[in-house]
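1. fold the following for me, if possible:
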Amino acid sequence: MDEKEFFARQSNLGMKILQNCRNELYSFFPHLDGAFVGLPAKPDKDLEKIATDGEHLLFSPAFLAEIYGKSPTAVRRGYLHILLHCLYLHLFRENVYSGRQWNLACDMAVEQMIEREALPGLQISLVENPVRERCFQLMGGKGLSAEQIYNMLGHSRFPYSLEELEEAFSFDDHSLWGAQKDPVKMAQTRKKWEKVRAYAGANQQGHRRRAGREAGTDQEELELAYSNKYDYKRFLKRFAIPREEVELDTESFDYVFYNYGMEHYGNMPLIEPLEYKEVNRLEELVIAIDTSGSCTSEIVQQFLEETYGILSEKENFFHEMNVHIVQCDCCVQDVAVIHSEEEWNRYSKKIKIQGRGGTDFRPVFRYVEEQKEKGEIRKLKALIYFTDGDGVYPQSKPDYEVAFAFLEETPKMEIVPPWALCLLANGKSPMGR
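-> Residues are numbered from 1 along each chain as shown. Purely as a prediction, here's the structure:
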């Protein structure tokens, strides 16, 4: 295989990785659709990392494959990191701010925004990175702008060297910021992102908003926040789309290892199966049912039929199913583990509600942890809790997505913890808080 073909294969893998990350991010931030379209990905053999000039998301295929192999979360978060640089116009401030300190301030600003969302799919352990943890504490969770952080750096408010801070917060290469020498072209690119930003703000209905202005600019501040209330069908469809997963593909092999062997061991290719394989399956799922007095068998059956109808829209979607259906009032009353379409149909048609006591949501979360320790639950992405909303909630978020599903909008949705989603299973869109 010649160098050109090898680069083409690496580039194709990189494009698929970014497409997968884009799909994941869009499910959280649909109001940023214009930003995704405005920054198409493009491989660059002269680039060592990943960067943007405001027109493209340029990447080194080798760098992207290496980072994704270590941590898909890091690439997913990095993709959003770069989009936020564009949306906050960080690329276009070279006439006011510049240099290493400004680059770092921009990185710290967008990382703080992402951290505040507290989404399991974007979380990086702060325990393993005390520099980040301490800096977030010093920033106070106030959503500081890059300009404000730049001033904090200038006054040595962070007890770390620039090198330590860059290692903790940097992801992308900023060398292309302001690299466009044509002022007309640069102005056009900036105007494009101003429009994208305005479009994202206008389409943020149902999302948290806050008023304010960034220091040093007259640009209205855009709130990143994802919607914590949206319809049940859209949420479930996130688990019904084909995507590349980290899984051995024995029919293909990794050309990075192949090329390494050819270069270092003299025509001896190293054949390593690809860890990325496109699959179309139901994600491991836990469905909890509040069996306090307000939930009848008819309502629960309606909820399960709605769930089945959504999930079965995709071909072969029920292959190798692993769905735990847990009935709980103030304690776990019944558990059914569903492995096939036939089992699902039998269960939903003959379901018997067990409980009728008070409501405590916490036992279900303890059940999940017990099953994870036993190895019965391995790759849980989401827990959906069908309820009327009146109960005792866990105090901290788990390492998977949680959604509380309601048949109709109710004031009790207001007491759902901010780290969980509120869904409506009746197909209507809920109002914003």
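2. which stretches of the stretch 301-433 of the chain form helices?
-> 341-349, 362-374 (DSSP state H, counting those that start in this stretch).
3. what about Thr307, distance to Tyr347?
-> For Thr307, the distance to Tyr347 equals 12 Å [C-beta to C-beta, to the nearest Å]. C-betas here are computed from N, CA, C, even on glycine.
4. can you list the helices of the stretch 301-433 of the chain in CSV and add distance to Leu407, mean neighbour count and mean pLDDT?
-> Converted to CSV, those look like this (distance: least, C-beta to C-beta, whole Å; neighbours: other C-beta atoms under 10 Å; pLDDT from 0 to 100):
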stretch, distance to Leu407, mean neighbour count, mean pLDDT
helix 341-349, 16, 15, 80
helix 362-374, 19, 16, 94
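5. and the residue nearest the centre of the chain, what does it touch?
-> Taking C-alpha atoms, centre = their mean, the centroid of the chain lies closest to Gly121, which sits 4.2 Å from it. Residues near Gly121 by C-beta atoms under 8 Å, 6 or more residues apart in numbering: Glu24, Phe28, Thr73, Arg76, Glu401.
6. hmm, which helix or strand of this structure has the shakiest average pLDDT?
-> Within the chain, confidence by mean pLDDT, DSSP states H and E is lowest for strand 243-253 among all helices and strands, at a mean of 43.
7. how about the helices in the stretch 51-200 of the chain?
-> Ranges of helices in the stretch 51-200 of the chain, per DSSP H, counting those that start in this stretch, are 61-70, 72-87, 99-117, 130-139, 146-154, 162-169, 183-202.
8. what's the mean pLDDT across the longest one?
-> Put plainly, it is helix 183-202. The average pLDDT for helix 183-202 rounds to 86.
9. ok, now the third one?
-> For helix 99-117, mean pLDDT is 91.
10. measure how it sits relative to helix 146-154, angle-wise.
-> Here helix 99-117 runs at an angle of 120 degrees relative to helix 146-154 (axes from the mean of the first three to the mean of the last three C-alpha atoms, to 10 degrees).
11. still on that earlier bit, tell me which of the helices of the stretch 51-200 of the chain is the most buried.
-> With neighbours taken as mean count of other C-beta atoms under 10 Å, those reach their highest mean count in helix 72-87, at a mean of 22.
12. check which helices and strands that helix is in contact with.
-> If you count contacts as 3 or more C-beta pairs under 8 Å, 6 or more residues apart in numbering; DSSP states H and E, helix 72-87 packs onto helix 3-28, helix 33-38, strand 50-52, helix 61-70, helix 99-117, helix 183-202.
13. tell me what angle that helix forms with helix 146-154.
-> Interaxial angle, helix 72-87 versus helix 146-154 (the same axes, to 10 degrees): 110 degrees.
14. flag the shaky bits of the chain, pLDDT-wise.
-> For the chain, applying pLDDT under 70 flags the ranges 1, 94-96, 120, 125-127, 141-142, 202-283, 293-296, 310-320, 355-356, 425-433.
15. of all the helices and strands packed on helix 72-87, which one is nearest Val326?
-> helix 3-28 (24.3 Å; C-beta to C-beta).
16. list the buried ones in that closest one?
-> Neighbour counts over helix 3-28 (16 or more other C-beta atoms under 10 Å) mark 6-7, 9-11, 13-15, 17-18, 20-25, 27-28 as buried.
17. next up, the contacts around His81.
-> Residues near His81 by C-beta under 8 Å, 6+ apart: Asp107, Val110, Glu111, Ile114, Phe171, Asp172.
18. surely the second one meets His85?
-> By that I understand Val110. Yes: counting by C-beta atoms under 8 Å, Val110 does reach His85; the two are 6.2 Å apart.
19. grab the nearest non-local neighbour of Thr189.
-> Ranked by C-beta to C-beta, 6 or more residues apart in numbering and with sequence neighbours excluded, the top spatial neighbour of Thr189 is Gly54, at 4.2 Å.
20. for the one you found, grab the count of nearby residues.
-> 24 (other C-beta atoms under 10 Å).
21. related to what we said a few turns ago, between the helices of the stretch 301-433 of the chain, which gets nearest to Trp193?
-> Of the helices of the stretch 301-433 of the chain, nearest to Trp193 by C-beta to C-beta is helix 362-374, at 41.1 Å.
22. elements contacting that closest one?
-> strand 285-290, strand 323-328, strand 332-338, strand 382-386.
23. for the ones you listed, could you give me JSON lines that also reports distance to His155 and mean neighbour count?
-> Shown next, in JSON lines, are the helices and strands packed on helix 362-374 (distance: least, C-beta to C-beta, whole Å; neighbours: other C-beta atoms under 10 Å):
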{"stretch": "strand 285-290", "distance to His155": "48", "mean neighbour count": "24"}
{"stretch": "strand 323-328", "distance to His155": "52", "mean neighbour count": "23"}
{"stretch": "strand 332-338", "distance to His155": "54", "mean neighbour count": "17"}
{"stretch": "strand 382-386", "distance to His155": "43", "mean neighbour count": "23"}
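24. closest to Pro43 out of those strands?
-> Taking the helices and strands packed on helix 362-374 one by one with C-beta to C-beta, strand 382-386 is closest: 32.8 Å.
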